[in-house]
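Engineer: A predicted structure for the sequence below; I have some questions about it.
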Amino acid sequence: MIRFASLQFRMQAAVAFGALAVIAVVLGLTGPHLAHLYHATVATCGAHGNCSSATAAFLSNDRLLQDLGNVVIALPAIIGIFWGAPLVARELETGTHRLAWTQSVTRTRWIAVKLGLVGLASIAVAGLSSLMMTWWSSPIDRVNMNRFTSVFDQRGIVPIGYAAFAFALGVTAGVLIRRTLPAMATALVGFVVVRVAVTFWVRPHLESPVHATSVLHMTSGMGFNQTNNGPLSVTGGHGGAWVFSDRIVDQAGHAVGGGFLSQGACLQNRAAAACIGKLREVLVYQPPSRYWAFQGYEMAIFLGLAVICGAFCFWWMRRRIS
Amino acid sequence: MIEFQLDAASGVATYLQLVQQVHQALQLGLLEPGDQLPTAQQVVAKLAINPNTVLKAYRDLEREGLVQPRPGLGTFVIRSLPGTDPTTLNRFLATLTDWLGSARAAGLGPDDIEAIYRTAIRNYFAEGVA
Amino acid sequence: MTAALETNGLGKQYGRRWALHDCTLSIPTGKVVGLVGPNGAGKTTLLHLAVGLMAPTSGTITVLGGEPGDGPTQLARVGFVAQDTPTYAGLSIAKHLRMGAWLNPTWDGDLAKRRIEQLGLDPRQKTGSLSGGQRAQVALTLAIAKRPELLLLDEPVAALDPLARREFLQSLMEVVAEHGVTVVLSSHLVADLERVCDFLVVLVTSHVQLAGEVGTLLASHHRLSGPRRDPSSLPASQQVIEESHTDKQSTLLVRSDGPILDPAWTVKPVTLDDLVLAYMGQARDTERVPHQGLSVI
């Protein structure tokens, strides 16, 4: 059965691993240069005092390849749709299930091997592409310090979970809907809904965020931000943490508005430090040290969902469908 | 080797047609003792009939003492049919020729004669118990 | 001796409709069985139940003494060709044969290769580019190369032209002669039944109307013609299946276990085709009256 499943899968595997090889070559050729550039310019910028211009120059490199990260986001969905949905649906649609399930292999063995083989392939593709992208982008991510926030789902191990779930969801959609194109559409929608739900409603609560109040200490790269005459907040300087909320308060604990900064005392250079020293920063955040824990939790959640979908498909196969 | 034909429209059972064709072949001298009958596989590959039908026909012929199966080798003719005496054949040929003459004189054409002949044969050999 | 296929009160329901209802059959081994009936009569349903693609709603079915689809051994004993002979259009014939070898422990590779050669097919050709007749032959090869004891074919010749149909039947009969498989062949066409089948099952409107050995069926049915008569005046042992009347004459198709002794009738035998048509007509005419079981002879 494994050999036959591989035979059926060979075209799709060739396309995926071929594309992966191309990406590997491209990233492999440009990656070391990027790292070198980082060490030459940004890593030492502190000594030269030109960090903002150095980082800007650095980040403008290989813009196109940075967008490759978007491929890593899209990959699980694509895999789920193109590999998962047709797995059973195509057989049902073309009637070949009446050929496949009357050979000397039981239906449960058939679905187990297909789920296992293609599922592992999906995980491999997602894992390899994420690995390559994470390696290649590590200098950039270090500069942007956003791996816990905007690029969380394109790096590390979570894409493995996404791919497994997208695939399993695709197969499930195919089993229930029994036609390839509607199953693809449903799987896509379902996958997006679950991803959005987990990102916004589950991920922030995976561990209780840290509440901290600290003396405001402005360093290079930090600045003030104000929204619509509302309270002040600080940009930068949070070193890769995932900030949920950030307020500037005075010693009495009241939020400080932008007007505070335009007071004469704070404008003067010498007095600025003392002025700012009276302020406190109230942060609600996930510290950077929790990054890998969060990656692990989210991957586990999606792997768990994948297993549930897979178990459902298995159970469904045992029932006799025509 | 004899080659069987099947007349699906004749209303005669398939196995019976096979038996009759062997009888006719024996009578005409096309089959002689020692000749092998085609295997069931050969017959059905050409005629697309149930192999059991062939086996049934051969069993009937065996019961009549005309053929004998030799395991692993095939089914062989062991006896010829007593051919009908030529005098008898000629006598009936004459009777039939006279009849044909009367029929033509009455105005019957070849198609009418054919129809009468076929109906008579069908009715005579196919009629069941009344 | 174990029956090839045995059912007891078998039924399959979809929503509110019964595709098959109260089906009780016993099909012996070593026969070529014709499963005849119009489209929608339940033939495909019965075959799908027999290979384990479906589970019954009511009643039981055993195939070669085992439960359909129950494990690799049972699956290996039954060969199946579904309607429209599905194959993987993108795979070549050779790859299909490899699939057969991988998925069937009882696969006879030499037999499969020989058959494909005999059929004059190029193994490298993709099955999607074959004609209907060629695809049917490939599907048959796949089903028989695993050396099953029972072969189930769902309308294998319905979509074929007459020549392809004849070649398929020749092929099939050769297989039966060579390997002694039991064959159940479903068809909504009535022609060619007598030459191929020695056991018959007639299914109409989800019920079994008639089932039995062909020889017995033909011996117990007669066509009676004579002066005009009311069919209810016939003795109870003679069951009227089909009747037609002119103002002076009646022609009846009756089923009777004993001889017809009434001298008023001219008695003729019935062809199998006419017999099946008569039962199909009777079922259609009495469709509203629920059937009690079947006529097994």
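Structural biologist: Sure, I can see it.

Engineer: For residue C:250, grab phi and psi.
Structural biologist: Main-chain torsions, residue C:250, degrees, to the nearest 10: phi -120, psi 140.

Engineer: State the mean pLDDT of the longest helix belonging to chain B.
Structural biologist: Ranked by residue count under DSSP state H, the longest helix found in chain B is helix B:86-105. Across helix B:86-105, the average pLDDT comes to 86.

Engineer: Stretch C:38-45 too?
Structural biologist: 86.

Engineer: how far does it stretch from start to finish?
Structural biologist: End-to-end distance for stretch C:38-45, by C-alpha to C-alpha, to the nearest Å: 13 Å.

Engineer: neighbouring contacts of it?
Structural biologist: C:12, C:19-21, C:23, C:35-37, C:54, C:83, C:154-155, C:186, C:188, C:203-207, C:280, C:284 (C-beta atoms under 8 Å, 6 or more residues apart in numbering or on different chains). Quick note: C-beta positions are derived from backbone N, CA and C, even for glycine.

Engineer: Who are the contact partners of residue C:187?
Structural biologist: C:34-36, C:155, C:157-158, C:193.

Engineer: circling back to that earlier point, put the buried members of the contacts of stretch C:38-45 into a ChimeraX selection.
Structural biologist: Entered in ChimeraX, the line below selects the buried ones among the contacts of stretch C:38-45, by 16 or more other C-beta atoms under 10 Å in any protein chain shown:
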select /C:12,19,20,21,23,35,36,37,54,83,154,155,186,188,203,204,205,206,207,280
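
Engineer: ok, the following helix or strand past the longest helix of chain B near chain C or not?
Structural biologist: Next along the chain after helix B:86-105, taking DSSP states H and E as the criterion, comes helix B:110-126. Yes - Helix B:110-126 is in contact with chain C by C-beta under 8 Å from any C-beta of the partner chain, via residue B:126.

Engineer: ok so, going back, now do the longest helix of chain B: which elements does it pack against?
Structural biologist: Secondary-structure packing of helix B:86-105 (3 or more C-beta pairs under 8 Å, 6 or more residues apart in numbering or on different chains; DSSP states H and E): helix B:110-126.

Engineer: Give me the helix or strand of the chain that scores worst on average pLDDT.
Structural biologist: Since no chain was named, I'll use chain A. Across the helices and strands of chain A, mean pLDDT, DSSP states H and E gives its lowest value to helix A:264-267, namely a mean of 56.

Engineer: ok, of the contacts of residue C:187, which one's closest to residue A:9?
Structural biologist: Checking these against residue A:9 with C-beta to C-beta, the nearest one is residue C:155 at 31.6 Å.

Engineer: Grab the most central residue of chain A for me.
Structural biologist: Compute the mean C-alpha point of chain A, and by C-alpha atoms, centre = their mean the closest residue is residue A:153, 0.4 Å away.

Engineer: Validate this expectation: that residue resides in a helix.
Structural biologist: Yes - under DSSP: H, G, I helix; E, B strand; the rest coil, residue A:153 falls within a helix.

Engineer: Per-residue pLDDT of the closest residue to it other than its chain neighbours, please?
Structural biologist: Spatially, and ignoring its direct neighbours in sequence, residue A:153 is nearest to residue A:73 (6.1 Å; C-beta to C-beta, 6 or more residues apart in numbering or on different chains). Residue A:73 is assigned a predicted lDDT (pLDDT) of 74.
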